[in-house]
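S.K.: Provided below are the primary sequence and the corresponding predicted coordinates.
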Amino acid sequence: MPDTTHIYYEWQCATLMYAYDVIEPISRMDENAIAERKKRVEHEVYDLFVAVVPQEIRDNPQANIPAAAAMELTKATLRKAATICHAI
């Protein structure tokens, strides 16, 4: 996985983790709860990726995600975070 893709993925996961922390904080000491939330968030990020990025790009790990798809993925991530936080 290219380094920039990995950084972007980490940003997506962190954004959703922070959103969930706003509505349901987890103690830093509760490693099991943190791991469970991270796994759930990683699945949500994957679902966003599948919903936004065209199949031919997903099937080719060497392909670059087109700028338009990256922008849509960013919007989808931020909408998801806003939806999570809106539960406040």
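M.R.: Yep, it's here.
S.K.: where does the chain have low pLDDT?
M.R.: 1-4, 88 (pLDDT under 70).
S.K.: in it, what residue sits furthest out from the centroid?
M.R.: Computed with CA atoms, centre = their mean, the residue of the chain farthest from its C-alpha average is residue 29, at 23.1 Å.
S.K.: And that one, its phi and psi?
M.R.: Note on residue 29: backbone dihedrals following degrees, to the nearest 10 are phi -80, psi -10.
S.K.: can you check residue 65 too?
M.R.: phi -70, psi 130.
S.K.: likewise residue 86?
M.R.: Per degrees, to the nearest 10, the backbone of residue 86 is at phi -60, psi -20.
S.K.: and if you look at residue 78?
M.R.: According to degrees, to the nearest 10, residue 78 has phi -70, psi -40.
S.K.: got a list of what it touches?
M.R.: Residue 78 makes contact with residue 15, according to CB atoms under 8 Å, 6 or more residues apart in numbering. From N, CA and C alone the C-beta is placed, and that goes for glycine too.
S.K.: Quick check: it vs residue 35, distance?
M.R.: As judged by CB to CB, to the nearest Å, residue 78 and residue 35 stand 25 Å apart.
S.K.: helix or strand for the nearest residue to residue 45 once chain neighbours are set aside, which one?
M.R.: Closest residue in space to residue 45, ignoring its immediate chain neighbours: residue 12 at 4.7 Å, by CB to CB, 6 or more residues apart in numbering. Per DSSP states H and E: residue 12 is located in helix 3-23.
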